[in-house]
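A.B. asks: Fold the following, please.
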Amino acid sequence: MSSAAPLEVQFAAEDEHSLGAILRARWEALKGGDVGSLPVIIGIIGIGLYFTFQTDIFFSSVNFINLTGQLAGTTVIAIGIVFVLLIGEIDLSVGFVSGMAGVALASLMQSVSFSTTNFQSFAELAFNFTLTPAIAGKALLFACVMGVVGGLLPSVRAARMKIVDALRAA
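C.D. replies: Here you go, the predicted structure:
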């Protein structure tokens, strides 16, 4: 910033990036109907509050370690999708590849037997997984129904709208 500019112009230029200016601009956008990411933030806070009141161990380190382990695969896929979207591309094969990898790993589980022991009676319960054609058919039917509900119905709705309105509704 040049020292030749009047003092009030220098303060105005510095003020547009301050926290107060950002919050004022966000408030004006919210009043204008642009909710942005606010519903997502409120939803995450609501989910956190719900589970906090349901159990005493939600905000414990053991629970966060458990959640970290469970979300590892989903997080790797999500990060990959974000990188693809950041470069301006779109990759629809991620769902297919993830689903096929899940089917391949599930079919490999047929050759493994699992067991658990009841230490009071010393009885052992052994079981294994079997991927039958009926189970595969039900899984395929469920995937088709989810594809229709999640993809075809919104696209039919968007096809009946003007392009600009469809993009704004998304």
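A.B. asks: list the buried ones in the helix or strand harbouring Phe64?
C.D. replies: When secondary structure is defined by DSSP states H and E, Phe64 falls within helix 61-70. Neighbour counts over helix 61-70 (16 or more other CB atoms under 10 Å) mark no residue as buried. Quick note: C-beta positions are derived from backbone N, CA and C, even for glycine.
A.B. asks: Low-confidence ranges, this structure, go.
C.D. replies: Scanning the chain for pLDDT under 70 picks out the ranges 1-15, 170.
A.B. asks: need the contact list for the closest residue to Phe114 other than its chain neighbours.
C.D. replies: Take Phe114 and drop its neighbours on the chain: the residue closest to it by CB to CB, 6 or more residues apart in numbering is Phe127, 5.7 Å away. Phe127 makes contact with 113-115 under the criterion CB atoms under 8 Å, 6 or more residues apart in numbering.
A.B. asks: can you tell me which helix or strand Phe127 belongs to?
C.D. replies: Counting by DSSP H and E, Phe127 is found in strand 123-128.
A.B. asks: That strand - which strands sit beside it in the sheet, and in what orientation?
C.D. replies: According to DSSP bridges, strand 123-128 forms sheet pairs with strand 113-118 (antiparallel).
A.B. asks: ok, so what distance separates Val82 from Glu89?
C.D. replies: For Val82, the distance to Glu89 (CB to CB, to the nearest Å) stands at 12 Å.
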